[in-house]
Every structure is written in structure tokens, then in C-alpha cells.
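J.: Kindly return the folded structure for what I paste below:
(2 chains)
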Amino acid sequence: MTGRRFDLRRVLVALLEPLDPILLVLLCLLLGYAFTLMASASPARMESQMINSAVAVVVMWVAARLPIQRVLAMALPVYLVGVLLLVAVAVFGETSKGAQRWLNIGVARIQPSEIMKIAVPLMLAWYFHHREGAVNARDFVAAGILLVIPVGLIVRQPDLGTALLVAAAGFFVLFFAGLSWKLIAPVAVAGIVGIGSIVGFGDRICQPEVDWVVLHGYQKNRVCTLLDPTSDPLGKGFHIIQSTIAIGSGGVAGKGWRDGTQTHLAFIPERHTDFIFAVLGEEFGFVGACLLVFLYIGMITRGFVIAMAAPTLSSRLLAGAVTMIFFTYAFVNMGMVSGILPVVGVPLPFISYGGTALVTLCLGLGILMSVQRARFAAQKT
Amino acid sequence: MSFDDPEQELQHFRSRLLVAGGFMLVCFALLVARFGWLQINRFDYYHTRAEDNRIALVPISPNRGLIVDRDGEVLARNYAAYTLEIAPTHFRQADALFDQLAAVVEITPRDRRRFRKILDESRNFDSVPIRIRLTDEEVARFVARRFEFEGVEVKARLFRDYPNGSLASHVIGYIGRINERDLERIDARDETANYRGTEHIGKVGLEQSYEDELHGVTGFEEVEVDAGGRAVRQLRRTPPTSGNNLVLTLDRGLQRVAENAFNGRRGALVAIEPATGGVLALVSSPTFNPNLFVDGISTQDWNALNTSPDHPLLNRALASANPPGSTFKPFMALAALTTGKRTPEQAISDPGYFDFGGHRFRDDKVGGHGVVDMYKSIAFSCNTYYYRLAADLGIEQIAGFMDGFGLGSRTGVDLEGESSGVLPSPEWKRTRFRRVEQQKWFAGETISVGIGQGYNAYTPIQLASAVATLAADGVRFRPHLVRYVEDVRTGARRVIEPEPLTRLPLAREHVDFIKHAMEGVNLEGTGRRAFKGAGYRVAGKTGTAQVFSLRGATYREKQIRERLRDHSLYVAFAPVEKPAIALAVLVENGGFGSQAAAPIARQVLDYYLLGIEPDEPALPDEEASDEFEPTPAAGDAQ
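T.: Coordinates of the predicted model:
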């Protein structure tokens, strides 16, 4: 019956060979959690999310197989194409929900800002790689400019959430490259003072006639709504109030899978995308939320371990920055849904519905795995 | 900053990683703390919030109790029908919706006006009807095109219906949509929760006075609702408890005969069962159709009722207090017997007048009645006899005696809007008038009180109650319209007013004598024409109440403008040997009691005691009696 012997074991080994087992297990656990939640929040989207996951895993596998030098070699062209596309968006882009984010390239609509989440750290890591051994203050200025260009273009779209993630990704490269504390500290202090003053004087600056110069009206609203959700319970504050109620009413053990009333009676907006954590909090409670946080801590810790052991400066920087992107995604999303950060359009990594973010995140995982493989390759030689 | 040594650089990178790792852990710890705060510390609060989100209480209004007569004939009932209603969220687009809807169902200008009116009066969270009582075809047509009309829906509702139209409308009253004033009253009674979901409330009549019994207890349905407010499923249901039925003492057939007897003329009739105080018929004429009020009366109809000179909305039986005229005399005579001021045999010689304090009080009969004893004084209604009797009794004794019969006080009948009337006495005069010179009681005033004129003013129901008390040998009940209240589910009955209020200390022979004299009224006296050939023994007394004082002049009815004519009164009970019915009849501007009021009483008694349906109304049309134009006053003064 069997003409050619099909050795399943050998195929599996070949398939799994480029993948880091710890990251793979953590990814499987997260995707399993995601499907469980999706089956409750939006069963109709299960199939489509499974396809998204499959595509993302293939992307991860491909990236993991690529030698890290090959990946880094693509940094400059990818970055330049990304910036050009952002310019194109600003000129020809399609407007959706008040923001110009999409570019129609005939066969599909793409969102170039998404590419930059990986392209920017990649570019910066490549840059520092070329300056290895002779990095000085001027390099940080140059890297800063490389960072500000795409971030500025994305802020203009306007898409604060993506801009924040791209800026964070770039900043982490600079940080790991040794950006002086003398520069970080004033910014951090300014940030704390800024946030502190917004919280402290929220009542006054949230008056409708006050114009916040640097931020758009809707961004101002999001911040003001966070400060006092009850000021507009049916409008802008509705999302935060309802997601907070959902999480709080979950209690320690949750209401049970598919038994979340806030979820199933449509009180949670965007319950399959940005606010899926509210579904988790409601149905699986404090225990479920902590479990997710532990999975993220595990994944980030694994990323740090890979970065720490990475053989080259560029791979180190890239691995560290990519890992911190996961953290930024997770923290900003959960902080927003639980009401301690303003509402910005950041999905919950590996959990929220949507292919683009999942592919980007898995690309990041693939890069981490590639870095890890490079380490073994270095040890072998 | 530069690192020449790769080892140093690696060290530096690792320290940065540690910083980043520490930052990450701090941030996640912050998140976990936040989750703990929300899910553990504040769990109860958020749990409640989520439940409040999820659960809505939908009131289920109870069925209103029925009103039936003593034989179970329905007087007020409910029926289900479809209405087209507009939700509060779409009130602003109402005009546009009306225009659109007009293509699908018929909408009259009257519907629009009613909508506006209800909208002005309504609580703003109820939907307001555009059209009521849709036909099945209209419902089908609307439902087919429902998607075009956001905010408009068809609802099945229970409507109140008064199947007998205007019959007994002053007794039954009507319900109407709850307005601001009703809301305040509901709130004051702490019934707000029970009226969630209720749109109508009793406004007048028994519908009003027995509102608590008729309304019932509102049920509640706990439903799970989604964020859009749509009910998803039912969680719990507390069924409503239907209102109690009212079983009246009223006899629908008798009521109909009595109302028809008036033929639209202004007046009132109250018939009471002497042994129980139950009201058998209560007429206030003219009447109105209570069905007009149920869903907001149109301005036209309202104006017609409200501006009519006949005041059809006034319940004359309860609110119209008039001098009783000669119907007062039997009670005066009984007072004389009870106090010992007269014996039946004592007689006077009547010259046709009585001089007192320099004033001459006249009798109706020029030249007088000759020798008059008590029997004759009642049967032939001799004024002179009572002028003298009043002088002998004195006002204090008269007032004290009449008070026992409930004259001059509200009877306490189970309807609102009762007047107390006036039982004249020196004390009453002191409280009634502010100026000292008006407060003094003059002895001359007692004389006209003696014949039921002067300050005397009693409502028809007071007179009927007093006559029923006389018929029952001094046992007085509170008049009542509801015999018992019936619980729809258990069938349990609660009897209203089963016990008498008072038993007057009257001597049997005195009462019997008065009854005998009153029977004489109808056999040979002032009521003989009206009661000729009656197939039962009936005691009665005619009365004529002066509306317009003709000092010293002979009263010539036909020459007086209709509205200035005297009111015609008649009181009666029958059968004399075992009274089953006592009544008082008032016909406004009807002239002598024997002319207008007595024939009505005859038809009512014939029907009640013998089952005789009258061929035609007791009174002619108003037009017929209106033909007398006032003539120049030349011949009036004598």
C-alpha cells in the first residue's frame, strides 16, 4: 500500500527545527486562549481567525528560517519602501473613520504604518550594527531622525496608537544601544509631569474651548474620557465604563465561558478586537487575567534571554526591541481596557481578532527565533 | 558614548535589559493590581452594575375590574384592540410620520389633535397612540410596511368600554389618561410603582372612588436586555393581579326607565332600598357618554359638554342642593309627634295665611284649607299648619330632629362630589355669615323653614336617604352603590356597608301615622292624579321648591320664564306595608311637584314593583314646555 514511506517524525522535526520550542509553546497557549475567547466573543470569526493564525505562523516559520544577517540586510530597502508608502498614503491614501491610513494598491488595501512596527527597529538595529564599535552621540541623533520621520507621518494620518508603538519600538533600540540616561531622564520626568498635570488639571483642560495644539480633538477626548468616564456615559465614556464593568463583574473566577452578560448582550464594543480583554476579564475573572499576564511575562522573558545571548549587537538590539514591542502592545491594551490608559487603537497581542497585527507579531517572533538560531550557529563554528 | 570593548558593551546591554525587564514587571504588577482592585475589592459594585445593565423590569398592567349591576349586567368592561403608537424617541418627527402614515392607515385631523393633546399631558417615557382601534386590515397593511416607520409600532391594548353608552354615566363615571395632577395624587398615595405601565385612571364616578379596587396590582417581568435595550429573554415573571369587580346595588333596568322618564329634562332621581341603603337607581339628567373620555375627549365634544347650559357633567343627584319644599312636611309632622308638640287629631283652622312678627305668610290655596288636622296637612300640603308648627317647635328642635335623618350633611355615598346642603340653624347662620348683623337668627326665618323653604337646601340623595330612613322606621344606612367587591381569582366577596349607621328612636305609631298620611297624598291628596290606579300601596309627598321669590304674589307658572320656574319635587316609598324602594325626584323648573316629579316616580315604581315598561317618557320634550314666553308683568301683581 505504501509506495513511498512517509516518515511523519522526520517531517515534523524538519518543520520544527527552525522554531524556538519555548516561544512556540507560549504562542500555542496564547493562540489557544485566543480561539477560546473568540468562540465566545464572536464565533462567526473563528474560521477567519484560524486562517489568519495559519498565515502568521507560516510568516513566523519563514522568518525563523532566514539567517538573521539576511533579515538585517533587508532593513534599509524595507525601511525606505515603508517611508515611501507612508508618503503615498498621505498623498493618495483612502480615508476611513476620519483617518487616512489605507493605501489601495489594486489587489489589496494595505496599511503601511503596520510595516513600520518591524521596519523601524530593524532599520535602527542595522544602523547601529554599521556603527558598531564607534557609536557616539551623533549616531543617536541620526537614529532619532530615522525614527521621527515615519512616526511623524503616522501621527499625521492620524493614528496615535500605531505611532506610539512604532515610536516605542524605535526608542527601545536606542535605549538598548545605550542612549544616555541624561537624555532619557528629562524626557521621562517631562512625561510624568505632563501626565500628572493632565490628571491634576483634568477638569479645566477638558473644557471644550481648550485647544490642545499638539493633539487632535478626538485624542483629547480620549484622554479626557479616561480622566472622567462618567462625563459622557453614553458617548465617549461608554467603552471604558462598560469594559470596566465587565472586568469588575468577572470577580475572581469569572462568570464562565460564554456566560459573560456584558459580552453577550453587546455592552462591550469591539469585543472581538481591541476590547477582547474585557471578555476575558468577565468570563475568566482575575485568575484568567493573571494567566494571560503570566503568558506574556513568559514570552517577554524568553525574548530577553534570547537577546541576552544574541551573538551580535544588531541582533541583540533587534531582539530586545521586538520583545519590548510585545510588552508595549500588551500593557497599552490591557491598561486601556481596564481604564488606566486612554483609548488608543492597540490590539491585545496574539488574542485580538485581525490578521495584520497577528502577522506583524509573528514576524517579530520569527525574528527572535532567527536570532536564537544565529546563536547556535555561532556556537557551532 | 562609545564602547571599545565588546565585553563592556555586552555588560552595558545586559544591564539595560535588566532595567527593561524590571520596568516590564512593574507595569504588569500595576495591571494585576488594577485587576485585583476591579475584580476583588470592587466586585460587588461592578456585579451590581452589570446586573443593572442586563436586567430591565417591564411592568405588566393588570386588567381593570369590571363594573356590573345587581344582576350581573355589565356596565363597564375591557376589550382588546390594536393601537398604532409612537415611541418617545420619535416624538420630534411626529408630523413627518403622520404624513407618511396617512398613506397606510386613515388618520383624521381629530387623531392628530388628540395626539397633540395626549403628548402635552403625558409622562414623557410612554409611547403615545396615533390611532386607536385599528381594524385587522389596517394592522395588516401597516405591518407589511413597518420598516418604513421607525419608532412606530402596533400594540395590543385593553380598552375600557361602557357598553350602555350614557346609561348611569354619573354613577359609573369614566377613566381617562393619567395627567400631571393624577400623577401627583398617585405619588401622594405612594402608588407610583403600581402605576408603572398604567395609562388610565378613574376620573369620575365609581371609576374614581373605587380606583384602588378596580386597578389591581401591576405585575413585573424581569427581562434580560442587550445594549440596545431590546429584550433578549425573560428571567422572571410576577403576574399582575387583576382589579376587583364591583357588583352594584344599582338595577340597570330601573336606571334605564328612570333616565328615560326624564326625557332629557334637567333633574335628578335617587332610589334606595330602605332595608339596606343600597342605591337602586341614581339619575342625573341630562347625561353624557363616558366612552368619549377614555382616550382623550376631543375639544369639540368637550366644549359641547362643558358649555351646555344644562350642565350635563354636573351630578345633580349629589351636588345640587335645593329647598325640599313640601317634601319636608312629613318630617316636620314626625318631629311634632316625637316631641309631643302635636297629636294627629289636633286640628287648626286655616284662613289661608299665618301672621307672624308683622309678616303675613301665605298658603298656596287662596282662602285656606279650612279645618286641618295632621293627616290633611300632609295629604293636601297645607302651609298654614306648618307655619304654626314651626313657630311652636322652634328652629333648634327642627334642626336637631332633621339632623337625625342626615339632612344637611353629606350622606357618605361612595361617589365623590357630594354637597353637604344646608340644615338651617342659628349655629349654622353664625358660621355661615361673617357680618354680625347677618349672624342673628330671626324667628320669622323659622316659619319658612317649616314648609321646606328659606335656607333649607338638600341634595336629592339626602332626601332619598331621609325617605328611606322613614320607610325603614328610622333605621338609616349609608347610601351606597356598590353591593360588594369581588376578587376575580378567589371569588371572595367583601360587602360594602352591611350595618346601619343609626336607628332613630321613633315611636312605631308615629311612623305608621306619617306613612298613612303619605299614602293619603297619593289616594286623595296632591299626588292622586299621578298615582291613579297604582297596583301597590305607595306613600309619597309632593314638593315645590321656590327658585324665584314672588313676594305676596300668586304663582302663575306659565307666565314665568322657564328657568325661573319652581323646581318640582317628589318623594315616595312603596309598598307601604313592606317598603322595597324609596326615592326622591327633582325636576328643575318643573313647576308643581305633582306635575313633573310625581309622574316620573310613578313610572319608576311601576317598573320596579310591577315590571311595567312605560310607553312614553313621563315628561314632554323640553321644547314643548319652552313655548311659554314671558308676558308683560301687568297681571302678575295682586
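
J.: Return the set of buried residues in stretch A:138-157.
T.: Under the neighbour-count criterion of 16 or more other CB atoms under 10 Å in any protein chain shown, stretch A:138-157 has A:139-140, A:143-144, A:146-147, A:149-151, A:153-155, A:157 buried. Where C-beta positions appear, they are placed from N, C-alpha and C, glycine not excepted.

J.: so where's the stretch 201-350 of chain A uncertain?
T.: For the stretch 201-350 of chain A, applying pLDDT under 70 flags the ranges A:201-205, A:207-215, A:222-223, A:225-236.

J.: tell me the helices in it, going along the chain?
T.: All helices of the stretch 201-350 of chain A, identified by DSSP state H, counting those that start in this stretch, fall at A:202-205, A:217-227, A:238-250, A:261-264, A:276-309, A:313-337.

J.: And for the stretch 201-350 of chain B?
T.: B:205-209, B:211-215, B:252-262, B:299-307, B:316-319, B:329-339.

J.: Of the buried residues of stretch A:138-157, which ones also sit close to chain B?
T.: Checked against chain B using CB under 8 Å from any CB of the partner chain, those yield no neighbours at all.

J.: Of all the helices of the stretch 201-350 of chain B, which one comes closest to chain A?
T.: With CB to the nearest CB, the closest approach to chain A among these belongs to helix B:211-215: 33.5 Å.

J.: what sits up against the closest one?
T.: Here helix B:211-215 makes contact (CB atoms under 8 Å, 6 or more residues apart in numbering or on different chains) with B:62, B:64-65, B:67, B:194-195, B:198, B:201-202, B:207, B:243-244, B:246, B:485.

J.: Can you pull the residues of the stretch 201-350 of chain A lying near chain B?
T.: By CB under 8 Å from any CB, the residues of the stretch 201-350 of chain A that approach chain B are A:242, A:244-252, A:261-262, A:265-267, A:281-282, A:285-286, A:289-290, A:293, A:296-297, A:300-301, A:304, A:307-308, A:313, A:316, A:320, A:324, A:327, A:331, A:334-335, A:338-340.

J.: tell me the contacts of whichever residue of the stretch 201-350 of chain A sits closest to chain B?
T.: Here the stretch 201-350 of chain A gets closest to chain B at one residue, A:Gly248, 2.6 Å apart by CB to the nearest CB. Counting by CB under 8 Å, 6+ apart, A:Gly248 touches B:Leu38, B:Gln39, B:Arg42, B:Phe43, B:Tyr45, B:Tyr46, B:His47, B:Arg49, B:Ala50.

J.: can I get the residues you listed in CSV with secondary structure, pLDDT and neighbour count?
T.: Formatted as CSV, the contacts of A:Gly248 follow (DSSP: H, G, I helix; E, B strand; the rest coil; pLDDT from 0 to 100; neighbours: other CB atoms under 10 Å in any protein chain shown):
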residue, secondary structure, pLDDT, neighbour count
B:Leu38, helix, 93, 25
B:Gln39, helix, 94, 28
B:Arg42, coil, 93, 16
B:Phe43, helix, 94, 18
B:Tyr45, helix, 93, 13
B:Tyr46, helix, 92, 22
B:His47, helix, 92, 17
B:Arg49, helix, 89, 19
B:Ala50, helix, 89, 23
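
J.: Reformat those as JSON lines; add distance to B:Val257.
T.: Converted to JSON lines, the contacts of A:Gly248 look like this (distance: CB to CB, whole Å):
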{"residue": "B:Leu38", "distance to B:Val257": "76"}
{"residue": "B:Gln39", "distance to B:Val257": "77"}
{"residue": "B:Arg42", "distance to B:Val257": "74"}
{"residue": "B:Phe43", "distance to B:Val257": "73"}
{"residue": "B:Tyr45", "distance to B:Val257": "69"}
{"residue": "B:Tyr46", "distance to B:Val257": "70"}
{"residue": "B:His47", "distance to B:Val257": "67"}
{"residue": "B:Arg49", "distance to B:Val257": "65"}
{"residue": "B:Ala50", "distance to B:Val257": "66"}
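
J.: Cheers, nothing more for now.
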